[in-house]
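Engineer: this one's structure only:
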Ligand SMILES: NC(=O)c1ccc[n+]([C@@H]2O[C@H](COP(=O)([O-])OP(=O)(O)OC[C@H]3O[C@@H](n4cnc5c(N)ncnc54)[C@H](OP(=O)(O)O)[C@@H]3O)[C@@H](O)[C@H]2O)c1
């Protein structure tokens, strides 16, 4: 039996949809049963819990042989993930799959990747079987860009000449569901899958051009002031820690410290390419 966290979020929701499509029964730990009610209607077994409450995690893990750990970025992400990992280890969980990030590279000083590294290290030291799924920069980060570009004619992000490889969250969910339900699950133990879509690595001029093509008008990349951008994104994040950490991450991308890397893992494991950015933009319109 699978336990899924984060079902009310982007990647947990995508994983849940993919599992349902495969006809797999699973359990999801949710903080708010009402918020997750639609999932119960679709046949998902919901258990109320919170990663702040180890007893609720322990109860949710009863009868579980594989679990997916997905948490949002925040100053408490590392603490909550370490707590989940310890509870899972104590419960004798056989296999833990964690959603991580390819930016979690030794030597980074960026808070979000550092939290992922700490959790990955704890999982590898736990004795549990493990798999890390590390999608590249999400296409969903551009969800509102076409609408903005229609009115401004610009894609305003402080990304300099930085580059990214792009992944659709829906593909990340499909990939996680596939790995979890593969008949030969052991082949995924101890694997760190950095996944990306089929597009080549792009800079933000390329991305602006593609957004322009999708809306039928010219869109210019505006390498805007990082400090102004940092203030502009505050209302869209949970707290200042999150917006500051995202700004820090973007600065690393802009500086070329974490260049985008396209990988073939998705194609190799899934036997087909993931969603292209063009297809993603078409889905938005
Ligand atoms: N942005 C990118 O380009 C990118 C790329 C690769 C990896 N990532 C990684 O993706 C992860 C975020 O995934 P996401 O976008 O799917 O997140 P998300 O949409 O923000 O969803 C987060 C989920 O976690 C749940 N949650 C939050 N706190 C919880 C707690 N204390 N106990 C139990 N559940 C809790 C939320 O439930 P509620 O509904 O109750 O809030 C929600 O279901 C991050 O770790 C990030 O580093 C991001």
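Structural biologist: That came through, no problem. This is a predicted model, so every value here is computed, not measured. Numbers count the residues shown, from 1 in each chain.
Engineer: Count the residues that sit near the residue in the stretch 101-250 of the chain that the ligand sits nearest to.
Structural biologist: Ranking the residues of the stretch 101-250 of the chain by distance to the ligand (Cβ to the nearest ligand atom) places residue 138 first, at 3.6 Å. Glycine gets a C-beta too; all of them are placed from N, C-alpha and C. Using other Cβ atoms under 10 Å, the number of residues around residue 138 comes to 19.
Engineer: what sits up against the helix or strand hosting residue 96?
Structural biologist: Element membership of residue 96 [criterion: DSSP states H and E] is strand 95-99. With Cβ atoms under 8 Å, 6 or more residues apart in numbering as the test, strand 95-99 has contacts from 6, 11, 65-70, 81, 85, 88, 119-120, 123, 126, 128-135, 172, 176, 179-180, 185, 189.
Engineer: Buried subset of these as a ChimeraX selection?
Structural biologist: If you want just the buried ones from those in ChimeraX, going by 16 or more other Cβ atoms under 10 Å, the selection is:
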select :6,11,66,67,68,69,70,81,85,88,119,120,123,126,128,129,130,131,132,133,134,135,172,176,179,180,185
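Engineer: tell me the contacts of the residue of the stretch 101-250 of the chain closest to the ligand?
Structural biologist: By Cβ under 8 Å, 6+ apart, the residues touching residue 138 are 10, 166, 167, 168, 169, 172.
Engineer: again, 10 Å this time
Structural biologist: With contact set as Cβ atoms under 10 Å, 6 or more residues apart in numbering, residue 138 has these partners: 10, 11, 164, 166, 167, 168, 169, 171, 172, 197, 280.
Engineer: Can you narrow the residues you listed down to the ones near the ligand?
Structural biologist: Here is what survives when the contacts of residue 138 are matched to the ligand using Cβ under 6 Å from any ligand atom: 10, 11.
Engineer: Out of the contacts of residue 138, the closest to residue 205 would be?
Structural biologist: residue 164 (12.1 Å; Cβ to Cβ).
Engineer: and the end-to-end length of stretch 21-39?
Structural biologist: Distance between the two ends of stretch 21-39: 13 Å, counting by Cα to Cα, to the nearest Å.
Engineer: Just the buried residues of that stretch, please?
Structural biologist: Neighbour counts over stretch 21-39 (16+ other Cβ under 10 Å) mark 26, 27, 28, 29, 30, 36, 39 as buried.
Engineer: I'd like to know which of these is nearest to residue 238.
Structural biologist: Among the buried residues of stretch 21-39, and counting by Cβ to Cβ, the member closest to residue 238 is residue 30, at 17.5 Å.
Engineer: Throw the buried residues of stretch 21-39 into JSON lines and include pLDDT and distance to the ligand, thanks.
Structural biologist: What follows is the buried residues of stretch 21-39, written out as JSON lines (pLDDT from 0 to 100; distance: Cβ to the nearest ligand atom, whole Å):
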{"residue": "26", "pLDDT": "98", "distance to the ligand": "15"}
{"residue": "27", "pLDDT": "98", "distance to the ligand": "13"}
{"residue": "28", "pLDDT": "98", "distance to the ligand": "9"}
{"residue": "29", "pLDDT": "98", "distance to the ligand": "6"}
{"residue": "30", "pLDDT": "98", "distance to the ligand": "6"}
{"residue": "36", "pLDDT": "98", "distance to the ligand": "8"}
{"residue": "39", "pLDDT": "98", "distance to the ligand": "10"}
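Engineer: Okay, and which of those map to strands?
Structural biologist: 26, 27, 28, 29, 30 (DSSP state E).
Engineer: need the buried residues of stretch 21-39 in CSV with distance to residue 264, can you?
Structural biologist: What follows is these, written out as CSV (distance: Cβ to Cβ, whole Å):
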residue, distance to residue 264
26, 28
27, 32
28, 31
29, 33
30, 35
36, 35
39, 32
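Engineer: circling back to that earlier point, toward the C-terminus, what is the element adjacent to the strand holding residue 96?
Structural biologist: Assigned by DSSP H and E, the successor of strand 95-99 is helix 111-126.
Engineer: one step back: which two among the ones in strands among the buried residues of stretch 21-39 are spaced furthest apart?
Structural biologist: Farthest pair in those, by Cβ to Cβ: 26 and 30, 12.5 Å.
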